[in-house]
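> this one's sequence-less:
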């Protein structure tokens, strides 16, 4: 792949197969936060929304290992149709009948019109691939995707220039309280976890939230 070629978001996932890679470590952290949230909300029914979900390997394996997965109604939005096929096949193979994988452009706010506000919103693998302004715009719009008290899990590298301090501040301005922030010194990834303490907002359709730039 040359610098002027777009990222192949199927082969990009190959990095997870190396257990020493930053992505593999980040995946373990994200899965841990998902497990903690599921444990904390049991046995209530909950909804999950994952934007730019890829092949769903952060959420779906966690659901597959749980006996209470049926209480979780999850929607995964993914633009690459190959990843959609992979995620759907995994969900079917593991009996995750309350999981929907939709082929959609998660950067278009209209993609969320048919989705209920979520108890958990996942914004993983997005903020490192879009402009700073699009990150800010997406954070500001996140309350439109949330139920009262919803949790958000997001990721972003902390390589210079490190945008994560501003992202954390933008979440605070948008009505969220930070629960945890993981930024290990030996890996360049960051994982943020925030809870909505302000009011949710009505969804405004027809807006471009973000566009991948690589």
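Yes, it's here. Quantities reported herein were computed from a predicted structural model and do not represent experimental measurements. Numbering: from 1, shown residues only.
> Tell me which other helices or strands the lengthiest helix in the chain touches.
Ranked by residue count, the top helix of the chain under DSSP state H comes out as helix 22-41. Helix 22-41 is packed against helix 60-64, strand 118-123, strand 146-157, strand 189-196, with contacts defined by 3 or more C-beta pairs under 8 Å, 6 or more residues apart in numbering; DSSP states H and E. C-beta coordinates here come from the backbone N, C-alpha and C atoms, glycine included.
> Of the ones you listed, which is nearest residue 53?
The minimum distance between residue 53 and those falls on strand 118-123, with 7.4 Å, by C-beta to C-beta.
> Please name the strands paired to that closest one in the sheet, noting orientation.
strand 46-51 (parallel), strand 146-157 (parallel) (DSSP bridges).
> could those be laid out in CSV, adding mean pLDDT, mean neighbour count and distance to residue 116?
Shown next, in CSV, are the strands paired with strand 118-123 (pLDDT from 0 to 100; neighbours: other C-beta atoms under 10 Å; distance: least, C-beta to C-beta, whole Å):
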stretch, mean pLDDT, mean neighbour count, distance to residue 116
strand 46-51, 98, 24, 6
strand 146-157, 98, 21, 8
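> nearest to residue 122, of those?
Of all these, strand 46-51 sits nearest to residue 122, with 4.1 Å by C-beta to C-beta.
> how far does the closest one sit from the chain's center?
Centre-to-centre, strand 46-51 and its host chain are 8 Å apart (C-alpha atoms, centre = their mean, to the nearest Å).
> how distant is the helix or strand harbouring residue 169 from the center of its chain?
Secondary structure assignment for residue 169, by DSSP states H and E: helix 164-173. Mean-position distance between helix 164-173 and its chain equals 17 Å (C-alpha atoms, centre = their mean).
> List the residues that contact the closest residue to residue 115 other than its chain neighbours.
In space, and not counting its chain neighbours, residue 115 is closest to residue 75: 5.5 Å by C-beta to C-beta, 6 or more residues apart in numbering. Neighbouring residues of residue 75 by C-beta atoms under 8 Å, 6 or more residues apart in numbering: 47-50, 99-102, 115, 118.
> Same list (these) but as TSV, adding distance to residue 152.
Output for those, formatted as TSV (distance: C-beta to C-beta, whole Å):
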residue	distance to residue 152
47	13
48	11
49	10
50	11
99	19
100	20
101	20
102	19
115	15
118	9
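> and which of those residues is nearest to residue 37?
Distances from residue 37 to the contacts of residue 75, taken by C-beta to C-beta, are shortest for residue 48, at 9.0 Å.
> circling back: could you give the bridge partners of the residue nearest to residue 115?
Here residue 75 sits in beta bridges with residue 49, residue 100, as judged by DSSP bridges.
> same thing with residue 156?
If you apply DSSP bridges, the partners that residue 156 bridges to are residue 190.
> Fine by me, we can end here.
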